[in-house]
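# Model the structure of this input:
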Amino acid sequence: MTDPAQTEVEQPEPGGRPAGGNGREVARGGLTAAEVAERVARGEVNDVPARSSRSTADIVRANVFTRFNAIIGVLFVIILIVGPIQDGLFGFVIVANTGIGIIQELRAKKTLDSLALIGEVRPTVRRDGSAVAVPTSEVVLDDVIELGPGDKVIVDGEVLESDGLEIDESLLTGEADPVVKKPGDPAMSGSFVVAGNGAFAATKVGRAAYAAQLAEEASRFTLVHSELRTGISRILKYVTWMMIPTALGLILSHLLTLGLPADDAVRRMVAGIVPMIPEGLVLLTSVAFAIGVVRLGRKQCLVQELPAIEGLARVDVVCLDKTGTLTEGGMDVSELRPLGDSTLPSQGDSEPARVRRVLGAFGASDPRPNASLQAVADAYPAPDGWRCTGTLPFSSARKYSGAAFEEPGGEPSAWLLGAPDVLLSGDDPLLPEIDRLNAQGLRVLLLARAGRPLDHPDVVREVRPVALVVLEQRLRPDAPDTLRYFAEQGVQAKVISGDNAVSVGAVAGKLGLPGADSPVDARQLPHDDPEAMARALEGGAVFGRVTPQQKRDMVGVLQSRGHHVAMTGDGVNDVLALKDADIGVAMGSGSEATRAVAQIVLLNNSFATLPSVVAEGRRVIGNITRVATLFLTKTVYSVLLAVLVACCQIPYPFLPRHLTLLSTLTIGVPAFFLALAPNKERARPHFVRRVMRYAVPSGLITGLAAFATYLLARSYYTGPDALGAQTSAATLTLFLTALYVLAIIARPYTWWRIGLVLLMGLGFLIVLVTPWLQHFFALRLVGTTLPWAAVAIAVVAALLLETTWRWVGRRFPA
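Coordinates of the predicted model:
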């Protein structure tokens, strides 16, 4: 362990309590149970809302208090006043829809909350003189919190202890270089440790903390900020603009000029307004996302931001960190090669034994070693009599760490362990042999004796190589299939690692990654020329010796070329790139900081879960595009019919019950099944354009067909009860045409899709032939001539729909 004399700590005031920067005294041993209870009673607790969830009240409010629910609610009350109840069926449908939406989102909330509990960051705090892990929400003011590499600073505080503690604050301040922290320095929540160890006292907790003030709203569970949600909002805005003038025209024509009885005029006016509202579209989108969360939750995949399901489906480049993603986190020492350094006094030991002692002491010097040093510590036990007098913590930017010792005989020594191509000069004769080992996919570390103090800025100069430590990396067995999946789906996979480029390329080659035979050393990339950098990134597949800042820059360059980029990683060196990528994916076993910034956390640490996330996103996007076309076709034909009857000064042809029946059979029920069906169609941009290019012509053809039948029926049926017969004929044409739109959208056909369309047709037929249903829905076909004419008009409309859809597909490709 590190000598306490070498660790900077704030000197205690009399009584053994260092002074806190906020005027309170903070014991380095931490708070007592009684002091914690006092602060909890005062509300001085870190009660920031969970990122992945929102309250039950929020879910209910979001589903109930919507603009369209308010409109439909008013119309429902009007129908309840004028009657009959069957014309108010649309109100009960909305209640059912809202209930389904609330239930599904509560299921998603339950799944997210349980998964968040599994993957929750549990910082180590000192309580009653002992270090214990507690949930983030139980940290209180003045708690002493320990820090190590990869830990996130969860609350604002003041540093009490520092052993080479370096904190990256770039996510908060934009400053790229890590900040060396000493006792008395501030620690800001939202930053993270890149090297060293230490402890700090919490001075601000909960919503008062810096990061909480910056990001409380942005980091909560949300259904927004996705192309799908934004596109639907735009569509609903357009619908509202169309509805208002159309509804006013309908009201004025029915109440003032047609001379219908007031109750009948009101019912037909309501019938014209209700179908303009695509009330189920938002519901089905929310339900599709929520069910996606539940499905992924069963695979131990925590979705911290809901649009990430959609976002990963749009990704065309996946940047992979090698360690922890393509390989498992652990490693094994496969070989130790002493290099015959004359500076190693034998002390009666053989040279290999002497090297093993040095490595054993080095492994024991770091209380929280990274994977490489852990492998060394596992292979070589700590020797007796060695005292650590100083450390240089490992950082991804440096690519090495250091330790100084007082050996059993009292002799001081300082050592470095890290990347050979960083510690050695470019022409060192050892490098060809190291490259040969790297080409086998092995990781090679160099143990070197330092000729300068560890805190010297040029400590890597005057080093004397002592031994090569060869580590074998454990490949993930599921990685080849996952890489193959991405290749088949047209998604480029790029490995971006801090390790030696040749070694990374060899590992990627074993996993079958195309382009792995031409690895690129990131130090040779043209960083000053963005265009050349972009070409190199697009052309290469494997990049080694990448610093954390370079990973971030690479993500930015790919995004600037129009790519949707996902980044996967588990280490603190991946945090910046994860944050900037369109979608960040962290491993559950990764550092606190990576899990905090990622939108998706794979709690089972399985890279093979990613295809499931992509498939879920494609299901949501593809199916919502389908059902949105259905809903908006109804909106278009409803607006068209309302405009036509207002202009022609004739009664609206339908009652609310007719359109409730049609909406249920041609949209509501089938849309629910279609929204949740499997869909492997690749996600494409321009959601609004792709929906409207089919919905507008489909709605126009459907509306014109129904209106043509209505006009024909008005000339055929006369007398005081003719309106009912005219309505029934127009309803038949409208249903058949809308059913054909459903049949087109249900393609490509499977047995259940064909069955769904036929079942909806059968449902309407049952209504037509069952006397009490005829009476309930006021549907009765009179004679045979006009009903067959209505069928013929629907057939012509179906041919027009088929021709139009094919023409639109060629003329306006997605």
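# tell me which element the closest residue to Q726 other than its chain neighbours falls in.
Excluding its sequence neighbours, the residue lying closest to Q726 (CB to CB, 6 or more residues apart in numbering) is A713, at 3.9 Å. No exception for glycine: its C-beta is placed from N, CA and C like everyone else's. Using DSSP states H and E, A713 sits in helix 687-716.
# Quick one: mean pLDDT over whatever helix or strand comes next after that helix.
On the C-terminal side of helix 687-716, the closest following helix or strand by DSSP H and E is helix 722-745. On average, the pLDDT along helix 722-745 is 93.
# Contacts for the next helix or strand after helix 722-745, please.
Sequence order places helix 751-769 as the next helix or strand after helix 722-745, per DSSP H and E. By CB atoms under 8 Å, 6 or more residues apart in numbering, the list of residues contacting helix 751-769 from outside reads 661, 665-666, 669-670, 673-674, 677, 735, 739, 742-743, 746-747, 773-774, 777, 779, 781.
# again, only using 10 Å
Residues external to helix 751-769 that are found in contact with it (CB atoms under 10 Å, 6 or more residues apart in numbering): 661-662, 664-670, 673-674, 677, 728, 731-732, 735-736, 738-740, 742-747, 749-750, 773-774, 776-777, 779-781, 787.
# Buried among these? Need that as a selection in ChimeraX.
Only the buried entries of those go into this ChimeraX selection, using 16 or more other CB atoms under 10 Å:
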select :661,662,664,665,666,667,668,670,674,677,728,731,732,735,736,738,739,740,742,743,744,745,746,776,777,779,781,787
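# For C647, give me its contacts.
When contacts are counted by CB under 10 Å, 6+ apart, C647 touches 249, 253.
# What strand or helix carries it?
For C647, the element it lies in under DSSP H and E is helix 610-648.
# quick one, that helix and helix 722-745 angle?
For helix 610-648 against helix 722-745, the angle by axes from the mean of the first three to the mean of the last three CA atoms, to 10 degrees is 150 degrees.
# Give the closest residue to E328 in space, chain neighbours not counted.
R474 (4.2 Å).
# In three-state terms, how would that neighbour be classified?
Here R474 is strand, with the state taken from DSSP: H, G, I helix; E, B strand; the rest coil.
# ok so, going back, so which bits of the helix holding C647 are buried?
Neighbour counts over helix 610-648 (16+ other CB under 10 Å) mark 610-646 as buried.
# just stretch 459-472 next, same as before
Within stretch 459-472, the residues that qualify as buried are 459-460, 463, 465-472, counting by 16+ other CB under 10 Å.
# just how off-centre is that stretch within its chain?
Distance, stretch centre to chain centre, for stretch 459-472: 41 Å (CA atoms, centre = their mean, to the nearest Å).
# now stretch 183-198
Worked out by CA atoms, centre = their mean, stretch 183-198 lies 27 Å from the chain centre.
# now swap in stretch 358-365 and tell me
Distance of stretch 358-365 from its chain centroid, counting by CA atoms, centre = their mean, is 40 Å.
# per-residue confidence averaged over it?
Here the average pLDDT along stretch 358-365 is 90.
# what do you get for stretch 493-500?
In the prediction, stretch 493-500 has an average pLDDT of 87.
# How about stretch 282-295?
The average pLDDT for stretch 282-295 rounds to 80.
# swap in stretch 674-684?
Mean pLDDT, computed over stretch 674-684, is 78.
# got the buried residues for it?
By neighbour count on 16+ other CB under 10 Å, the buried set for stretch 674-684 is 674-677, 679, 683.
# Relative to F362, which of those is nearest.
Distance to F362, by CB to CB, is smallest for A683 among the buried residues of stretch 674-684, at 48.8 Å.
# Surely that closest one is within a strand?
No - counting by three-state DSSP, A683 is not found in a strand; it is coil.
# thought it was touching T625?
Yes - using CB atoms under 10 Å, A683 makes contact with T625 at a distance of 9.3 Å.
# Common neighbours of the two, please.
Both A683 and T625 are contacted by L228, under the criterion CB under 10 Å, 6+ apart.
# State the distance from R357 to A467.
11 Å (CB to CB, to the nearest Å).
# Same question for P748.
For P748 relative to A467 (CB to CB), the value is 62 Å.
# What about R387, how many residues nearby?
Other residues near R387 number 15, with proximity taken as other CB atoms under 10 Å.
# Could you give the bridge partners of it?
Beta-bridge pairing of R387 under DSSP bridges involves E406.
# if I look at it, how far off is L641?
Taken as CB to CB, the span from R387 to L641 is 89 Å.
# Then T635?
T635 is 11 Å from L641, where distance means CB to CB.
# For stretch 355-370, list every residue counted as buried.
Neighbour-count burial for stretch 355-370 flags 355-366, 368-370 (criterion: 16+ other CB under 10 Å).
# For R234, state which of those is nearest.
For those, the nearest to R234 is N370 (47.5 Å; CB to CB).
# and H563, which of the three is it?
When classified by three-state DSSP, H563 comes out as coil.
# any low-confidence regions in the stretch 201-350 of the chain?
Counting by pLDDT under 70, the ranges of the stretch 201-350 of the chain that qualify are 209-225, 258-259, 306, 329, 340-350.
# picking that back up, and the furthest pair within the buried residues of stretch 355-370?
Pairwise distances across the buried residues of stretch 355-370 (CB to CB) peak at 23.9 Å, for the pair V355 and R368.
# ok, L339 to S365 distance?
Per CB to CB, L339 is found 21 Å from S365.
# with the buried residues of stretch 459-472 in mind, which one is nearest to R443?
Taking CB to CB as the measure, R443 sits nearest to L471 out of the buried residues of stretch 459-472, at 4.3 Å.
# need the contact list for that closest one.
Here L471 is in contact with 330-335, 371-372, 375-376, 379, 437, 442-445, 503 (CB under 10 Å, 6+ apart).
# Specify the beta-bridge partners of it.
Assessed by DSSP bridges, L471 has beta-bridge partners V333, R443.
# Spell out the secondary structure type for S233.
Here S233 is recorded as helix under three-state DSSP.
# these two touch, right, it and V282?
Yes - here S233 reaches V282: they are 8.9 Å apart, a contact under CB under 10 Å.
# Pick out whichever of these two has more residues nearby.
Counted by other CB under 10 Å, S233 and V282 do not tie: V282 has more neighbours, with 23 against 12.
# roughly how far apart are that one and V597?
Distance of V282 to V597, computed by CB to CB: 29 Å.
# again with A646
Applying CB to CB, the value for A646 to V597 is 55 Å.
# just A371 next, same as before
A371 is 20 Å from V597, by CB to CB.
# What of F777?
For F777 relative to V597 (CB to CB), the value is 55 Å.
# Low-confidence stretches in the stretch 351-500 of the chain?
Low-confidence segments of the stretch 351-500 of the chain (pLDDT under 70): none present.
# Helices of that one, start to end?
Secondary structure of the stretch 351-500 of the chain (DSSP state H, counting those that start in this stretch): helices at 351-364, 371-379, 420-423, 431-438, 479-488.
# right, so of those, which gets closest to S395?
Closest to S395 of the helices of the stretch 351-500 of the chain, according to CB to CB: helix 420-423, at 11.7 Å.
# any residues touching that closest one, and which ones?
With contact meaning CB under 10 Å, 6+ apart, helix 420-423 is reached by 398-400, 416-417, 428, 430-431, 433-435, 437-438, 444-448, 450, 459-461, 463, 465, 468-469, 500-502, 521, 523, 544-545.
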